[in-house]
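K.L.:
The sequence isn't on hand, but the structure is:
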């Protein structure tokens, strides 16, 4: 990722909110590819003429194929407080996803137990008693349908690896472009999953903050839907 591509939505002395591009890792991984965390560190070092290594704290993650809003801490104190918020459910994370097909219920809560296979980095629905099972919950609402696809707004109640992708696939409506979990309904293309809204409490001032970013509306399959209209409707939600 080029440093010039970094899009900053908000910044103060304690945190920085940025837009994560799709197909960019949020932090270093085994691939060795450049990543968003290192890009943020380079920005801080350059912008504030920091000697040595600049600090940026990772407090939450997005899958590599997923784009959208992310917050990084600029101090260890802010990182600790934001991490505690994450653990206690203080972060509200909303997504837009384009689904292959439309669920039978236009609005519902999905609750499953998920288990991660660390060998092949896949997640699957399992029973509550299975070793390593973790409870997963999300709320979805279908906003619009077009050409056999559905635009879903999703609110995560828990934060599990690949959660949205696995749970929507479990009801036979996988995320568009998800070749890993889509099965025979998979549609080749960029994963249509976008973290459009992030709400949390400022770690120092206590102010409630919310940041919103729209998906790339000029790209398929987003261009089939009036996503911007729903963002306007939800501006104060």
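P.N.:
Done, it's in. Source: prediction; values computed, not measured.
K.L.:
Now stretch 192-206: buried residues?
P.N.:
By 16 or more other CB atoms under 10 Å, the buried positions in stretch 192-206 come out as 192, 193, 194, 195, 196, 197, 198, 199, 200, 203. For glycine as for every other residue, the C-beta is placed from the backbone atoms N, C-alpha and C.
K.L.:
Just give me how far it sits from the chain centre.
P.N.:
10 Å (CA atoms, centre = their mean, to the nearest Å).
K.L.:
what's the span of that stretch, first residue to last?
P.N.:
This stretch, stretch 192-206, spans 33 Å end to end (CA to CA, to the nearest Å).
K.L.:
Stretch 7-22 too?
P.N.:
13 Å.
K.L.:
from now on call the first residue 9
P.N.:
Let's use 9 as the start, then, which means that last one is stretch 15-30.
K.L.:
picking up where we left off before, which of the buried residues of stretch 200-214 sits closest to residue 162?
P.N.:
residue 201 (8.7 Å; CB to CB).
K.L.:
So which residues of this protein form strands?
P.N.:
15-19, 23-28, 65-66, 75-81, 100-108, 115-125, 130-134, 142-154, 157-164, 201-209, 216-220 (DSSP state E).
K.L.:
Need those strands in TSV (columns: mean pLDDT).
P.N.:
Listed next are the strands of the chain as TSV, based on pLDDT from 0 to 100:
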stretch	mean pLDDT
strand 15-19	97
strand 23-28	98
strand 65-66	96
strand 75-81	97
strand 100-108	96
strand 115-125	97
strand 130-134	96
strand 142-154	97
strand 157-164	96
strand 201-209	97
strand 216-220	96
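K.L.:
And those strands: which comes nearest residue 47?
P.N.:
strand 23-28 (8.4 Å).
K.L.:
Remind me what the closest one packs against, helices and strands.
P.N.:
Identification of packing neighbours for strand 23-28 by 3 or more CB pairs under 8 Å, 6 or more residues apart in numbering; DSSP states H and E yields strand 15-19, helix 44-55, strand 75-81.
K.L.:
residues in contact with it?
P.N.:
14-19, 34, 44, 48, 52, 64, 70, 74-82, 86, 90, 203, 206, 210-211, 219, 221 (CB atoms under 8 Å, 6 or more residues apart in numbering).
K.L.:
picking up where we left off before, out of the strands of the chain, which gets nearest to residue 194?
P.N.:
Closest among the strands of the chain, once you apply CB to CB, is strand 100-108, at 7.5 Å.
K.L.:
Understood, closing this out.
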